[in-house]
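Student: Sharing a sequence plus its predicted fold:
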Amino acid sequence: MKTSLKIVAPLILLIFMTGCTPKKDITAKDILGNPDYLAMSFGGYKHKTRDSVPSVDEIKDDLKISAVLGIKLIRTYNTQHYDQAANLLKAIRQLKEEDSNFEMYVMLGAWIECKDAWKASKDHTSGNVENNIAEIEMAVAMANEYPDIVKMIAVGNESMIQWATGYFVYPNIILKWVNHLQDLKKSGGLPKDVWITSSDNYEAWGGGSEIYQTEDLTALLKAVDFVSLHTYPFHSTFYDITFWGTPSEEENLSDKEKIGAAMVRAKNYAIAQYQSTADYITSLGIKKPIHIGETGWATNASRLYGATGSHAADEYKEKVFYQDMRKWTNNAGISCFYFKVFDENWKDDRDELGSENHFGFIKLNGQAKYVLWNLVDKGVFDGLTRDGVKITKTYNGDEALLMKDVLTPPTLKEIGILETSTVNDTRKVGETVTEGTYVIINESLVPNTTNNMTYPSAKLKLNAIDGTCNMKMIENSIIEIRTGTGDWWVCNLQLETGEDLSKFEKGQLHFEIKGNTNSSFKVGFQTGYYTQGTQVDNYVTFGPKETYSITEKWTKHTISMAELNKNADLTAVTGIIYCKGVSNFDGKNLSIKNMYYTQE
C-alpha cells in the first residue's frame, strides 16, 4: 500500500524536532499484568457522606501522591451517582496537560443493582433499569471523552455475590450489559481497545460454591475481556477463622513469628481462591486473563477483626500483606488493584472504628501508615500535601509504639471448633432424610446401619451472622454462644444447600440448654434462603417472661415441630439450629447441646 507524503512528512518533522518517536497509544492489553503499571482502588472522599465530593484540585493532590507510589492504574466504583469519577477524569487530564510525563489510567466501575435494591421488595432476578442504564451510558460517554485515560470498564462491583443481599443480581443481568458494551466496540460507539469486565468476589466467578457455576456465568466468562476477581483473606480471618488461628505446633513461637506464619497463610489463602477460580474457568475450556480487582487489609477495627474478634487489623499486618501480594502478583503477571491509597469514613459512618474506614495507606489526617514509612524517610512525599497538610508518619515513626497495637492471632484452642465433623457421606445434600432420628450433635446418640439414625448430609458451619454475637463448639458436643449487645444478633448451624426434613413435619426437636443471659431469644430452625427472599424463621421464644426459660443448669426440652413451624418448606432446612435475639440484649451466655430431630 502506498503512503501519502502528506502524512509521512509531518511525522518525520515531529521526530526530528523532538528527538524521539511519538508515544505509543497504551491499551488495556499493555497495562494489565505489567508490573510497570501498578494498580490501586481509588476513593478520595473525606467526609461521612459521599454527597461531599472531592474537588478536581483535591483529587489532583491525591493523584500526585498516588503517582509517587508508582501507581499508574486506578479503578472507580460509580459513574453518575456522584461527581467523583467525572472530577477524577478532569484531574488526570489537567495533570497530563501540566506535565507530559504524567501517566495515569482508569478502570471505570458502573454500579449495577437489582430492581428495588435496598428495599424489602427487592427483586434479584431483575435489574434496576433506570440506575443501570444511567451508569452504563455515563461509562460509555466518559470512555469516549477520555479515550487516552479510560482503558477498562467494569460492569458492576460485587454485584453477583449473593451476600450482597441489598442489591445483588444474577449473572444474566451483568451479561446483558457486557454484551451491550462489546457490541458498541464493534459498531464504533466505544473505543475498540477498551476492555470489559465485571469486578466480583472469587465465588461469584465460579471459584467456590457450585450455586454460582451456572450456564449464564459461563456465557459471561466468554463475553468479558478479562476477569476482575476479589479476594479478601482479611475478612476471612473472622468468617473462616480456622485458616488464621495459631495451630498448636506454633504456640511456642515468638509473637512476630506467629504473625509472620499467619500472614503467609493469608497470602496462600488468596492464591488458593485465585487458583480455584482459574481452575474452574479452565475446566470450561475458556481462556481469559484473571486479575485481582480488589484485595486489602484494614488497620483498625472495633469488633469482628479487632481485640474482641480475629486480631487481624493493624498497620504491621497491612504492610506484610501488601508486600506479599505485590511480590506474588508482579511475579505472576497479574494486576492487583490493591484497596486502597486513602482511608475514607463514609463506608461505616456509624462507627469510626469500623474496619471499612481503615483500609487506606494514608489516614484522613494525612499520616502515612507503616507500609509507607520508608517512603516518607526517602522524601518521596516532599512538596506534596493533602488538604495543605504534609505527609508524616503514624505513631510519630515509633515502631515500638506501633507494635503495642499489634495482636497475635488467637490460638485454634481459643477459637474453638467452627464446624461439625459428623456427617452421613452416603447421602447427597438435598435428598430426603428418611431415618427416624436426625442427630445434629449428641453425646450418646451414634447413628449406624441398624438403629435408624443419621447425621447431617454435610458438615454444619457455625455461623455468627455478621459478627453480631460469638459462637463456638466445645469438644464436638456443646455450642457456646455469647449473645449480642447491638441492634440485633443471630447465629445458626448452617447448611448452605438445604436439608430435606419433610418427613419430620409431625416430629419433635430435642435439645438441652443453659445460660445466664436475661435476654429474650428465639430457638428453632430456618428454612429457605435469605438471598432469594424465601427464608422463614421457625421457633419458640425463651426469656424471663416467656413460656420457655433457661437457668444456669442444663434443662432438656422436646418441642413439637408443629409449635416451631411457621408455614415453612421443610424440604430446604438451611439453619439446622438457630438462635436469634428478641429483646434486652445483655451480651451474656447460653449453651446448647444434645440436639436432634425425631419423626412422629
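Tutor: Received, thanks.
Student: which residues in the chain form helices?
Tutor: For the chain, the helices defined by DSSP state H occupy 5-18, 28-31, 56-68, 84-98, 129-145, 171-187, 215-223, 233-239, 255-283, 315-332, 373-378, 399-403, 412-415, 561-564.
Student: As JSON lines, those with mean neighbour count would be great.
Tutor: C-beta: built from backbone N, CA, C; applies to glycine. Below are the helices of the chain laid out as JSON lines (neighbours: other CB atoms under 10 Å):
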{"stretch": "helix 5-18", "mean neighbour count": "10"}
{"stretch": "helix 28-31", "mean neighbour count": "18"}
{"stretch": "helix 56-68", "mean neighbour count": "19"}
{"stretch": "helix 84-98", "mean neighbour count": "18"}
{"stretch": "helix 129-145", "mean neighbour count": "18"}
{"stretch": "helix 171-187", "mean neighbour count": "19"}
{"stretch": "helix 215-223", "mean neighbour count": "18"}
{"stretch": "helix 233-239", "mean neighbour count": "22"}
{"stretch": "helix 255-283", "mean neighbour count": "18"}
{"stretch": "helix 315-332", "mean neighbour count": "19"}
{"stretch": "helix 373-378", "mean neighbour count": "14"}
{"stretch": "helix 399-403", "mean neighbour count": "13"}
{"stretch": "helix 412-415", "mean neighbour count": "14"}
{"stretch": "helix 561-564", "mean neighbour count": "16"}
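Student: Check the ones you listed for me: which has the lowest mean pLDDT.
Tutor: The weakest mean pLDDT among these belongs to helix 5-18, with a mean of 42.
Student: ok, back up a step: what's the closest of the helices of the chain to Thr483?
Tutor: helix 233-239 (17.6 Å; CB to CB).
Student: distance between that closest one and the chain's centre?
Tutor: Distance of helix 233-239 from its chain centroid, counting by CA atoms, centre = their mean, to the nearest Å, is 9 Å.
Student: what's in contact with it?
Tutor: 243-244, 266-267, 269-270, 295-298, 304-305, 309-313, 321, 355, 409, 467 (CB atoms under 8 Å, 6 or more residues apart in numbering).
Student: related to what we said a few turns ago, rebuild the helices of the chain as CSV, extending it with distance to Asp425.
Tutor: Below are the helices of the chain laid out as CSV (distance: least, CB to CB, whole Å):
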stretch, distance to Asp425
helix 5-18, 71
helix 28-31, 46
helix 56-68, 51
helix 84-98, 51
helix 129-145, 43
helix 171-187, 31
helix 215-223, 28
helix 233-239, 25
helix 255-283, 22
helix 315-332, 35
helix 373-378, 52
helix 399-403, 46
helix 412-415, 24
helix 561-564, 26
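Student: what's the closest non-adjacent residue to the most centrally placed residue in the chain?
Tutor: Centroid-nearest residue in the chain, with CA atoms, centre = their mean: Tyr232, separated by 5.8 Å. Counting by CB to CB, 6 or more residues apart in numbering, Thr295 is the residue found nearest to Tyr232 once chain neighbours are left out, at 6.1 Å.
Student: ok, the one you found - contacts?
Tutor: Counting by CB under 8 Å, 6+ apart, Thr295 has contacts His230, Thr231, Tyr232, Pro233, Ala270, Met325, Cys336, Tyr338, Phe339.
Student: and the gap between the fourth one and Ile292?
Tutor: Using CB to CB, to the nearest Å, we find Pro233 at a distance of 12 Å from Ile292.
Student: what sits in contact with each of the two?
Tutor: By CB under 8 Å, 6+ apart, the residues touching both Pro233 and Ile292 are Ala270.
Student: Show the buried residues in the contacts of helix 233-239.
Tutor: 244, 266-267, 269-270, 295-298, 304-305, 309-313, 321, 355, 409, 467 (16 or more other CB atoms under 10 Å).
Student: Mind picking the one among the contacts of Thr295 that's closest to Val380?
Tutor: Comparing the contacts of Thr295 against Val380 with CB to CB places Tyr338 closest, at 17.5 Å.
Student: Which residue, other than its chain neighbours, is closest to the closest one?
Tutor: Using CB to CB, 6+ apart, the closest residue to Tyr338 is Met40 (5.3 Å).
Student: Next one: the residue nearest to the centre of the chain relative to Gln508, how far apart?
Tutor: Going from Tyr232 to Gln508 by CB to CB gives 41 Å.
Student: now swap in Lys588 and tell me
Tutor: Look at Lys588 and Gln508: by CB to CB, they are 28 Å apart.
Student: just to revisit the earlier point, thinking the residue nearest to the centre of the chain is in contact with Gly296, fair?
Tutor: Yes: using CB atoms under 8 Å, Tyr232 is in contact with Gly296, at 7.2 Å.
Student: What does the pLDDT read for the nearest residue to Glu475 once chain neighbours are set aside?
Tutor: Once flanking residues are discounted, Glu475 sits nearest to Ile417: 8.0 Å by CB to CB, 6+ apart. Ile417 is assigned 72 on the pLDDT scale.
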